[in-house]
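> next input, structure requested:
(one chain, ligands or ions: 1)
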Amino acid sequence: MPTPGGDRAHGTPAAGVLGCTGPWRPGARRRRWIGYGNAVRVALVLPPTTLQPPLSRPRHAPHYTAVVAAALRDAGHEVVLQDQTLRTCDLQRVVDDAVAARADLVLLVHNDYNREFSTDVLEACAAALGEAGLDVAGVGRLAEEPARTAMERIPSLGRMLFGEPEFSARAYVADRAAGGDGRVEGSAWRDDGVQLRAQSAVDLDDGPIPAWDLVDMERYGFSPHQQAGDLVYPVLASRGCPFPCFWCEVRVRPGWATRSVDAVIGELNELHRRWGVTSVFIADPTFAIERDWALEFCARLPSEGPAGLRWSCMSRTDRVDLELLQAMKAAGCFNVLFGIESLNPEALRLSRKNLDPATVGPAVAAAKGAGLETIVSVMIGLPGDSPAKFEQTLTQVIAMEPDFAQFFVVQIAEDEAPEGGRTVSEWDGSRFDFWGHVWAADAFESKEQLLALRRAAFKRFYLRPRYVGGRVAAMARSGAVGAQLVRAARGGLLALKLARGERP
Ligand code: SF4
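Numbering: from 1, shown residues only. All right, here's what the predicted structure looks like:
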């Protein structure tokens, strides 16, 4: 079966290349790169989430960073991945570690899967790394204009690599290693203002298997909904989403793009072969955008993919039907999260969710009928919504009896706010479940009210005797009571923390 990245994707660095062999540890001694054609040594630095203690650890492993690292390593470069989100809030330590890496080039990660770094942190890191004499460029998965905006907001950053980042980073490092100026496709630089060179269309099948061996995977944990037991590895069968929901980060990313079924099954086989992976989260923002793709994937996975693979995914209720959900179940899927956000048609319309709420009940019922666990995700504070209408949504969701539900407030960038609402609070990720602006429609009074609604929603959903009894029965039926008890305990703790508005 074709495997993206060819032979280099099989975990064996090219002869003569001193590829890193495990997650970076501070103080680890590494041999200096001694030269191999135009190969160089690159430090890929994930900045801390905050420069003020306490350390705040993201939930999602740095997927795009691992892909960039793999692309550079597969091209023959030596890569040191410094994941400072797990280590320090101290800017000086970030600089000291980057200097100690003795890299020819430093790539400062601007954003990653479900992970935004604050402009202030990025500016401070870029300035300090530059002052230390390091050759720094930013790298992130950004569309062209958002990349320009990022450069304008981070004046210390002299260059930015954008687009699908493994391609722009690979082109940039190759060009710099060959003595070029680095003004490659998918890069921005400063020359009488910000200049950009757009990225031509790329084929995601030409990308590598993420370098998960450079990431401390044990320190990232999916929510218990999506973690049935083993360590879960994320896989992206597609990137982006074609829908325009106003709060969603996909709007500043390159457009929706998918990989071939061959490439995705090839990656799953590689994950199993290299790291014994048996559980994955298909992390596409919306799985099954293309129904035919999803059906082909599900039809081929049992015979062509790793035996016994279990997976979960996220989708929309208007992208699934019973036939597809049954095919997903037969292919090892055990859990699907539906981002419904609301059942109030006006809230969905004003949020540009483009979802018919009439699809929600049938999709949840079909998923349950197919034997899949279901998670329904709801947002509080949407435009056109109100506390009373949110309660109506909650009542309807409970009547559908999904296995799990989650409730989030609306997080947006400041310049994305629609009319009819305002920023009600700035959340501090060391305490809450994210960093940034909380937005709510005018009908919602305050941060305290949002928190109270969220708390009450978790209680109403999870503390029903019928629900608790149903979960106990499902555990007994699962044949793995111990593992399910651990999962339930983790899930209960998570729900409790979210209900309190605390960081999960
Ligand atoms: S459908 Fe989901 S992933 Fe797509 S834009 Fe809306 S919130 Fe984002």
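> which pLDDT value goes with Ala143?
Ala143 is assigned 96 on the pLDDT scale.
> how much space separates it from Asp216?
Going from Ala143 to Asp216 by CB to CB, to the nearest Å gives 30 Å. C-beta here means a position set from N, CA and C on the backbone, and glycine is covered the same way.
> repeat that for Phe390.
Taking CB to CB, one finds Phe390 at 38 Å from Asp216.
> next: Thr359.
Applying CB to CB, the value for Thr359 to Asp216 is 40 Å.
> could you do Gly339 as well?
Separation of Gly339 from Asp216 (CB to CB): 29 Å.
> looking at these two, which is more packed in?
Gly339 (23 against 16; other CB atoms under 10 Å).
> got the contact list for the more buried one?
Contacts for Gly339 (CB atoms under 8 Å, 6 or more residues apart in numbering) come out as Thr286, Met314, Arg316, Ser377.
> give me the phi and psi angles of the second one.
Taking degrees, to the nearest 10, you get phi -120, psi 140 for the backbone angles of Met314.
> show me the beta-bridge partners of it.
Leu337 (DSSP bridges).
> what do you get for the last one?
Beta bridges link Ser377 to Gly339, Gln406 when assigned by DSSP bridges.
> give the burial count for it, as a bare number.
Using other CB under 10 Å, the number of residues around Ser377 comes to 17.
> repeat that for Arg352.
For Arg352, using other CB under 10 Å, the count is 16.
> residue contacts, the nearest residue to it once chain neighbours are set aside?
Closest residue in space to Arg352, ignoring its immediate chain neighbours: Pro244 at 4.6 Å, by CB to CB, 6 or more residues apart in numbering. Contacts for Pro244 (CB under 8 Å, 6+ apart) come out as Arg251, Arg352, Asn354.
> could these go into TSV alongside distance to Cys89?
Shown next, in TSV, are these (distance: CB to CB, whole Å):
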residue	distance to Cys89
Arg251	29
Arg352	36
Asn354	40
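> all helices of the protein, in order?
Taking DSSP state H as the test, the helices found in the chain are 63-74, 91-100, 119-131, 144-153, 165-177, 261-275, 291-304, 322-330, 345-350, 360-369, 387-400, 447-462, 465-478, 481-499.
> so of the ones you listed, which one's packed in deepest?
Of these, the one with the most neighbours on average (mean count of other CB atoms under 10 Å) is helix 63-74, at a mean of 27.
> list of residues touching it?
Residues from elsewhere that reach helix 63-74, judged by CB under 8 Å, 6+ apart: 5, 8-9, 13, 17, 19-20, 42, 44, 46, 79, 81, 83, 107, 109, 111-113, 139-141, 165-167, 169-170, 173, 207-212, 214-215, 234, 236, 283.
> go again with 7 Å.
Residues from elsewhere that reach helix 63-74 (CB atoms under 7 Å, 6 or more residues apart in numbering): 5, 8-9, 13, 19, 42, 44, 46, 79, 81, 109, 112-113, 139, 141, 165-166, 169-170, 173, 207-212, 214-215, 234, 236, 283.
> nearest residue to the residue of the stretch 1-150 of the chain found nearest the ligand in space, ignoring adjacent ones along the chain?
Nearest residue of the stretch 1-150 of the chain to the ligand, counting by CB to the nearest ligand atom: Asn114, 10.6 Å away. Distances taken as CB to CB, 6+ apart put His60 closest to Asn114, at 4.7 Å, once the chain neighbours are dropped.
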